[in-house]
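Asks: could you work out the structure for the sequence below:
(2 chains, ligands or ions: 1)
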Amino acid sequence: MAPTVIPFGPQHPVLPEPIHLTLTTKDEIVTEAVPQLGYIHRGLEKLADIKDFHQLVQVVERVCGICSCIHAATYAQAIEALMNIEVPPRAHLLRVIWSELHRVHSHLLWLGLFADGFGFESLFMQTWRIREKIMDVMEATAGNRVIISVNVIGGVRRDLSPEQCQWILSVLDDAEKEYKELGKVFLDDYSVQKRTRGQGVLTREKAYELGACGPTGRGSGIAQDVRQTGYSGYAMLDFEPVVENDGDSYARCKVRYREVLQSFDLIRQAINKLPEGEINVKVKGNPEGEVITRSEQPRGELLYYVRASGKKHLDRLRIRTPTFANIPPLLAMLPGTELANVPVVVLSIDPCISCTER
Amino acid sequence: MQAIKNLIKKSRIKSPWLLHYDCSSCNGCDIEILACLTPLYDVERFGIINAGNPKHADILLVTGGVNNRNKHVLQNIYAQMPDPKVVVCVGACGNTGGIFRDAYNILGGVDKAIPVDVYVPGCPPKPEAIIDGVVKALGILAEKSENLKNCVEQEDDR
Ligand code: SF4
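Replies: Model (predicted):
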């Protein structure tokens, strides 16, 4: 039979975001996948010409609504490095708390979508029910559910009171208990394993060669986690990267499942170690020079490049997001997949198109 | 015949099907729309279902501003939906372009490409606000299907 060409996207029921893949199939098996991007390109980096470097914090938060807090924190880190600003330790740990809350909500969101991708609707509902608890914490502590705007250059703009900290801890305990129940389904259920094991295999060598990052790389046995470099408050905390070795969709799911538990633990550690003191410092003058900062997003390594020449507006802002690095591995995973499993494999890298195209 | 028409009209309002398209949003609005489907907000109790196929949908939810690349996709989806249909645009970006309105690749709000019936403000709007917008859209849908019925009857009389 001659190969059939099937368009996948840009509007597709399982993916909320527009990505277009042209799939060449032979007898229901994908032989080649070619992506087409650009549906949600906005030209965000160029906004650096119009908005000054303080306003840009709000702009970079909107690179991606799911991990907005981490974008803002990384950008702030870059500017702070340029201007030699010493951020107070309390602000560092508060950033960690909100970043990890974002990671938890992002992973729960993904686990739900993934379950929906292989047709396990009730699991999707259960995961998102737990996620609402985390959203409540964000709303109560920052005033908004998704884009929380807590970061400013020089620290954070909101503080946590001791009562709030206690309350967060109790919510986390609650959520963790329910989450562990779900874990049994995600990790041991027969039908989940049937749909995910052996799907979209990426070997360790291939992952390394193609530059996979984040849970996609860690699912293939690459123990790389930028948080280990100890940026922001992570130097004060104690954790190990989560690694699985199988390299299939199941392994990537397991990595994310375990990372949620790790994030719960990190939030607890950060709350317990929260020192007294200021939450931000005054910023005077304009940035000058050139800097690269990295951080770990829920999807992998995030990189910011900033160049400034002592003016209110930056010369150049460049963002490299994890999904951009994970698209070549995805294209390597797809050949050999059955057409019905394409959504599962595409979801397994946790694509964030709005990050990639900005 | 009349009885069937009445039934269709009633069920359209009782159980509208949604289609969601992400124009160039930052995901913030999209995950809030998805959150509406989950147990806490559970719009399914109103009979609202998130359909994947434009040909099955009554209400189009759009997030994000329009650019040259996705403009025709959006228009295409809109054209594929059967009448009567309503468009709800969610979030500051969809309404006006929002924070990205000055960006070079944003033409503006959704109304630059297709007619919009309900605007939901916020960045991102809360799920409550989105549900509110959809309920408003239901009123408009009822009105539109009334008009449509009148048109069809006039045709029949002729
Ligand atoms: S309105 Fe706000 S949350 Fe919604 S897409 Fe635009 S920037 Fe994102």
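
Asks: tell me the residue of chain A that sits nearest the ligand?
Replies: A:R62 (4.0 Å; C-beta to the nearest ligand atom). In this view, the C-beta of every residue, glycine as well, is placed from N, C-alpha and C.

Asks: next one: phi and psi at that residue?
Replies: Phi and psi for A:R62, reported as degrees, to the nearest 10, are phi -90, psi 20.

Asks: contacting residues for the nearest residue to it once chain neighbours are set aside?
Replies: In space, and not counting its chain neighbours, A:R62 is closest to B:C26: 4.4 Å by C-beta to C-beta, 6 or more residues apart in numbering or on different chains. Residues near B:C26 by C-beta atoms under 8 Å, 6 or more residues apart in numbering or on different chains: A:62-65, A:68, A:354, B:64, B:93.

Asks: measure B:C26 to A:I130 for me?
Replies: Going from B:C26 to A:I130 by C-beta to C-beta, to the nearest Å gives 24 Å.

Asks: please apply the same query to A:P7.
Replies: 35 Å.

Asks: of these two, who's got more company?
Replies: A:I130 (23 against 11; other C-beta atoms under 10 Å in any protein chain shown).

Asks: flag the least confident of the contacts of B:C26.
Replies: Across the contacts of B:C26, the smallest pLDDT goes to A:S354, namely 78.

Asks: hang on, that one is in a strand, isn't it?
Replies: No: the assignment for A:S354, made by DSSP: H, G, I helix; E, B strand; the rest coil, is helix rather than a strand.

Asks: which ones are touching it?
Replies: Counted by C-beta under 8 Å, 6+ apart, A:S354 has contacts A:17, A:40, A:63-65, B:22, B:24-27.

Asks: same check on B:V62?
Replies: Here B:V62 is in contact with B:20-21, B:23, B:74, B:87-90, B:94, B:110, B:114, B:116 (C-beta under 8 Å, 6+ apart).

Asks: before we move on, what about B:V86?
Replies: Counting by C-beta under 8 Å, 6+ apart, B:V86 makes contact with B:58-60, B:117-118, B:137, B:140-141, B:144.

Asks: and with 6 Å instead?
Replies: B:59, B:117, B:137, B:140-141 (C-beta atoms under 6 Å, 6 or more residues apart in numbering or on different chains).

Asks: can you show me the strands along the stretch 251-358 of chain A?
Replies: With DSSP state E, counting those that start in this stretch as the criterion, the stretch 251-358 of chain A has strands at A:288-297, A:300-309, A:316-320.

Asks: out of these, which comes closest to A:D49?
Replies: Nearest to A:D49, of all the strands of the stretch 251-358 of chain A, is strand A:316-320, at 9.5 Å by C-beta to C-beta.

Asks: show me what that closest one is in contact with.
Replies: Residues from elsewhere that reach strand A:316-320 (C-beta under 6 Å, 6+ apart): A:45, A:48, A:303-307.

Asks: quick check: buried residues in that strand?
Replies: For strand A:316-320, the neighbour count (16 or more other C-beta atoms under 10 Å in any protein chain shown) marks A:317, A:319 as buried.

Asks: just checking: what are the partner strands of it?
Replies: Using DSSP bridges, the strands paired with strand A:316-320 are strand A:300-309 (antiparallel).

Asks: give the buried residues for the partner strand.
Replies: Buried-residue list, strand A:300-309, by 16+ other C-beta under 10 Å: A:300-304, A:306-308.

Asks: quick check: mean pLDDT of it?
Replies: When pLDDT is averaged along strand A:300-309, the result is 87.

Asks: give me the contacts around that strand.
Replies: Contacts for strand A:300-309 (C-beta under 6 Å, 6+ apart): A:74-75, A:78, A:213-214, A:226, A:287-288, A:290-295, A:314-322.

Asks: repeat the analysis, applying 8 Å as the threshold.
Replies: With C-beta under 8 Å, 6+ apart, strand A:300-309 has contacts from A:53, A:70-71, A:74-75, A:77-79, A:82, A:212-217, A:224, A:226, A:286-296, A:314-323, A:325-326.

Asks: with stretch A:167-174 instead?
Replies: A:97, A:133-134, A:136-137, A:140-141, A:160, A:264, A:267-268, A:271.

Asks: the nearest residue to A:P10 once chain neighbours are set aside - how many residues pack around it?
Replies: Excluding its sequence neighbours, the residue lying closest to A:P10 (C-beta to C-beta, 6+ apart) is A:P18, at 3.5 Å. Neighbours of A:P18 under the rule other C-beta under 10 Å: 26.

Asks: sketch out the low-pLDDT regions of chain B for me.
Replies: Scanning chain B for pLDDT under 70 picks out B:12-13, B:151-153, B:155-158.

Asks: do a quick rundown of the strands in it.
Replies: B:17-22, B:49-50, B:59-63, B:86-90, B:118-120 (DSSP state E).
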